[in-house]
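In: Build me a model:
(one chain, ligands or ions: 1)
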Amino acid sequence: MEKFIVDGPTRLKGDVTIAGAKNVALKAIVASLLTDEEVILENVPQIRDVHVMLEVVEHLGKHSVFEKSRVVIRKNSSCACTVPLEVGARLRTSSMVLGPLLTRYGKAIIPNPGGCRIGARPIDRHIEGLKKMGASITYDSTDGYFHAQTKKLEGAEITFEKNTHTGTETLLLAGILAQGKTILRNVAEEVEVDDLIRFLQHMGANIKRSGVREMIIEGIPKLHGATYTIMPDRNEEVTFAIAAVASLGDITIHNSQRHYLTAFLNALTKAGGGYEEIDRTTTRYFYKDHLHAVDVVTAPYPGFMTDWQAPWALLMTQAKGESVVHETVFENRFTYVEELKKMGAHIAYVDPEVKNPKTFYNFNWKDRPFGTHQAIRIMGPTNLHNAVVTINDLRAGATLLLATIIGSGKSYLYGIEQIDRGYEHVEKRFTALGAHIVRVKEDAVS
Ligand code: EPU
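Out: Take a look at the predicted model:
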């Protein structure tokens, strides 16, 4: 176990190159299970989740070599079709192997998936869809595994009740080698799903975005290997953009995806943050003048992403006035709030009036623990100060790291393995921008 010691405040300045998208790389690694041929992925981020996912596919008969940002995946042995609990339970996307394993081998045994602690995060929408395609799936609460099998996975027409990003991708992966046509409706529109589709098309898959929130997959008997470059990570860009503005700094981002960040850029502009389009893939983000309070409501693409609300809340602690952040996708994504309060932030939980919460919210309303709040009100501006803070999930982790960088004094961050799950060489990159961050073993004397 390690922690960060961060000495602030720092105005972050310099250049950053955005790494490959975690939420594409993980799924592309799963997709390698659809073929026995070699798959080469470029621009893969060196993050903990990717290493765990490579472990998952290694348990399913693959061998991988991960050097710099390139992963080569080859067949190594026959597939045991079981993901061990200690590996799969660490990563939510490990459940996505269901589709490839069922279509290729007719069976899969996977543990109840883990991942960020941002809510119940069930996979009922995935399971329901796979059942419609002919799989029989039972959850054994005595061993914590889903046991799935099928004689043959067949194409089906499936309409998701609510938006689900990985649910869409799970059924997409299931449909590729299934027999016949799969039509998916009310699918996720996230651009990361499109990047996965492009990779699958390179492997020979027959997939079409056939209409608004609709996808058609024509099942084919076999996929071949491919080489593919993963798109840059939009969430990382937003983290560094907010880091620039909140620290009164100036950061130029390379591999920028600003054309997919419209909702964020609109909010940033409204708040008085600066950005300049240098060229197609280079964007400069900078502090211009006093910031204003701006409310956000999270939503699936093309809305303001749930992954951006935690760093946005931090930015709003530096803005004048009261702003509300309303989380509609996950039921428990405010774990950073109590930690920010320790640093001096003025934040209160609020309950926005919502006519029909069961349909309005993206999570299953019944999963929501009693007493949970879906919104916070931030009163700013505040001078944040040092504290000892604990990280509970990935985006909360990045947010608290930013808070300690802009806050005054020496702070201690525990639970940094959560940040390592999704941000490549995080302290090195922030140190290159001027931050003072030291990684130490938790038990070392500092
Ligand atoms: N949900 C269910 N049942 C399901 C599927 C989803 O109740 O079968 C609920 C979820 O619990 C959540 C909501 O529906 O409340 C939306 O979930 P979705 O399936 O869309 O999200 P996800 O696939 O679990 C992915 C990303 C998240 C990102 C969201 C929204 C990956 C690995 N994860 O999660 O990324 O926030 O989509 O775009 O792709 C992150 O990178 O830190 C992260 C959490």
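In: Quick check: what element follows the worst-scoring helix or strand of the chain on mean pLDDT along the chain?
Out: When the helices and strands of the chain are compared on mean pLDDT, DSSP states H and E, helix 85-88 comes out lowest with a mean of 90. Heading C-terminal from helix 85-88, the first helix or strand you meet, by DSSP states H and E, is helix 98-105.
In: Pull out the buried positions in that next one.
Out: Neighbour-count burial for helix 98-105, counted by 16 or more other Cβ atoms under 10 Å, picks out 98-105. Where C-beta positions appear, they are placed from N, C-alpha and C, glycine not excepted.
In: Show me what that helix packs onto, helices and strands only.
Out: strand 107-111, helix 124-132, strand 145-149, helix 165-176 (3 or more Cβ pairs under 8 Å, 6 or more residues apart in numbering; DSSP states H and E).
In: From the chain's centroid, how far away is stretch 90-103?
Out: Offset of stretch 90-103 from its chain centre (Cα atoms, centre = their mean, to the nearest Å): 16 Å.
In: Now stretch 277-286: average pLDDT?
Out: Mean per-residue pLDDT for stretch 277-286: 98.
In: quick one: residue 312 from residue 358, how far?
Out: Separation of residue 312 from residue 358 (Cβ to Cβ, to the nearest Å): 26 Å.
In: And residue 208, by the same measure?
Out: Here the criterion is Cβ to Cβ. By it, residue 208 lies 32 Å from residue 358.
In: ok, these two, which is more surrounded?
Out: More crowded of residue 208 and residue 358, by other Cβ atoms under 10 Å: residue 208, with 12 against 9.
In: Which helix or strand contains that one?
Out: Using DSSP H and E, residue 208 sits within strand 206-211.
In: and that strand, C-alpha only, in PDB?
Out: Taking C-alpha atoms only, strand 206-211 is exported to PDB below (Å, rounded to 0.1, in the frame of the first residue of the first chain):
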ATOM      1  CA  ASN A 206     -20.200  -6.800 -39.200                       C
ATOM      2  CA  ILE A 207     -21.700  -4.000 -37.100                       C
ATOM      3  CA  LYS A 208     -23.700  -1.000 -38.100                       C
ATOM      4  CA  ARG A 209     -25.000   2.000 -36.000                       C
ATOM      5  CA  SER A 210     -28.400   1.800 -37.800                       C
ATOM      6  CA  GLY A 211     -30.200   4.700 -36.300                       C
END
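In: Show me what it is packed against.
Out: helix 165-176, helix 191-202, strand 214-218.
In: ok and that strand relative to strand 214-218, angle-wise?
Out: 160 degrees (axes from the mean of the first three to the mean of the last three Cα atoms, to 10 degrees).
In: The closest residue to the ligand within the stretch 301-446 of the chain: what secondary structure?
Out: The stretch 301-446 of the chain approaches the ligand most closely through residue 363 (3.1 Å), counting by Cβ to the nearest ligand atom. Residue 363 falls in the coil class when you classify it by DSSP: H, G, I helix; E, B strand; the rest coil.
In: Against residue 355, how distant is it?
Out: 17 Å.
In: Looking at the two, which is more packed in?
Out: residue 363 (22 against 6).
In: State the distance from that one to residue 148.
Out: Note on residue 363: its distance to residue 148, by Cβ to Cβ, is 24 Å.
In: same thing with residue 244?
Out: 46 Å.
In: higher neighbour count, these two?
Out: More neighbours surround residue 244 than the other of residue 244 and residue 148, with 26 against 23 (other Cβ under 10 Å).
In: what residues does the stretch 301-446 of the chain put near the ligand?
Out: Counting by Cβ under 6 Å from any ligand atom, the residues of the stretch 301-446 of the chain close to the ligand are 305-307, 329-330, 362-364, 394-395, 422.
In: Return a ChimeraX selection command for the buried portion of the residues you listed.
Out: Here is the ChimeraX selection string for the buried members of these, based on 16+ other Cβ under 10 Å:
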select :305,306,307,329,330,362,363,364,394,395,422
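In: Which members of the residues of the stretch 301-446 of the chain next to the ligand occur in strands, if any?
Out: Among these, DSSP state E puts none in strands.
In: Farthest-apart pair in the residues of the stretch 301-446 of the chain next to the ligand, please.
Out: 364 and 422 (24.6 Å; Cβ to Cβ).
In: Residue 190 is in contact with residue 169, correct?
Out: No: the pair residue 169 / residue 190 is not scored as a contact, 9.1 Å apart, by Cβ atoms under 8 Å.
In: out of the two, which sits in the more crowded spot?
Out: Using other Cβ under 10 Å, the more surrounded residue of residue 169 and residue 190 is residue 169, with 28 against 22.
In: so what's the more buried one closest to, chain neighbours aside?
Out: The shortest distance from residue 169 to any non-neighbouring residue, by Cβ to Cβ, 6 or more residues apart in numbering, is to residue 27 (5.3 Å).
In: next SSE after the helix or strand that the one you found is a member of?
Out: Following DSSP H and E, the helix or strand that holds residue 27 is helix 22-31. Later in the chain than helix 22-31, the nearest helix or strand by DSSP H and E is strand 39-42.
In: when you compare where whichever helix or strand comes after that next one runs with where helix 98-105 runs, what's the angle?
Out: Once strand 39-42 ends, the next helix or strand along the chain (criterion: DSSP H and E) is helix 48-58. Angle of helix 48-58 versus helix 98-105, following the same axes, to 10 degrees, is 20 degrees.
In: Give me the distance between helix 48-58 and the centre of its chain.
Out: Put simply, helix 48-58 sits 15 Å off its chain's centre (Cα atoms, centre = their mean).
In: got the CA positions of the helix or strand just after it in CSV?
Out: Next along the chain after helix 48-58, taking DSSP H and E as the criterion, comes strand 62-67. Only the C-alpha atoms of strand 62-67 are listed here, as CSV (Å, rounded to 0.1, in the frame of the first residue of the first chain):
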residue,chain,number,x,y,z
LYS,A,62,-4.1,-15.9,-23.9
HIS,A,63,-0.5,-14.7,-23.5
SER,A,64,0.3,-11.0,-23.6
VAL,A,65,3.3,-8.8,-23.8
PHE,A,66,2.8,-5.2,-22.7
GLU,A,67,5.7,-2.8,-23.6
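In: can you list contacts of strand 62-67?
Out: Residues outside strand 62-67 that contact it (Cβ atoms under 8 Å, 6 or more residues apart in numbering): 29, 32-33, 44, 46, 50-51, 54, 57-58, 71-76.
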